[in-house]
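# sequence first, then the predicted structure, then my questions.
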Amino acid sequence: MCPMSEFRSHPPRRPSTPTAALDALLAEPAGDPIRRALWLDELDRRLRPLLPFPLAAHARLANHERGRLVYLVDSPVWRAKLRLLAPELLVGARSMGLDAAEFVIKTSLAPGAPPQPAPRKPVTMSAAAKEALQSALASLKPADPHGPDDAG
């Protein structure tokens, strides 16, 4: 048995977190674009409730600069639907204190992230189909020139 004096008490470790790394990066001059991206993301989250459900999945705030709100959509259909909501979004942006006088919509036909492939279902085969496939595969094998009765 070990006496209690052999155990050393260590100060509790501070867990490393991504926020510490982010704070260090934001302190650098290079952090300005990151700060802007975070601000735009927050602004997008605040304006998103003004979009109807199906449109919200296809439209994203891309920029706000010099009184222009710029949205990005993934097809011309969503562009047309978003155009109808432009006055509401401008009013909503102004209510948040933004200088929003112009509304621009850009269409990006390339998706932001590649679509996830649909999960594959295993192919089941009947016993008759399996037997027919094995027979077809066996017929593709070259025939033994010595025949099955020749041993040598």
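Structure's in. What do you need? Numbers count the residues shown, from 1 in each chain.
# need the strands for the chain, in chain order.
Using DSSP state E, the strands of the chain run over residues 59-65, 68-73, 102-107.
# hey, which helix is longest across this structure?
The longest helix of the chain (DSSP state H) is helix 31-47.
# rewinding a little: among the strands of the chain, which is the most enclosed?
Counting by mean count of other CB atoms under 10 Å, strand 68-73 has the highest mean neighbour count of these, with a mean of 20. (C-beta placed from N, C-alpha, C; glycine too.)
# ok, back up a step: would you list the strands of the chain in a markdown table and tack on mean pLDDT and distance to residue 41?
Formatted as a markdown table, the strands of the chain follow (pLDDT from 0 to 100; distance: least, CB to CB, whole Å):
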| stretch | mean pLDDT | distance to residue 41 |
| --- | --- | --- |
| strand 59-65 | 92 | 8 |
| strand 68-73 | 94 | 13 |
| strand 102-107 | 93 | 18 |
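# would you turn the ones you listed into a markdown table with distance to residue 127?
A markdown table is the format used below for the strands of the chain (distance: least, CB to CB, whole Å):
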| stretch | distance to residue 127 |
| --- | --- |
| strand 59-65 | 52 |
| strand 68-73 | 52 |
| strand 102-107 | 53 |
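# for the chain, which segments are assigned as helices?
So, for the chain - with DSSP H - the helices run 18-27, 31-47, 53-56, 76-84, 86-95, 127-140.
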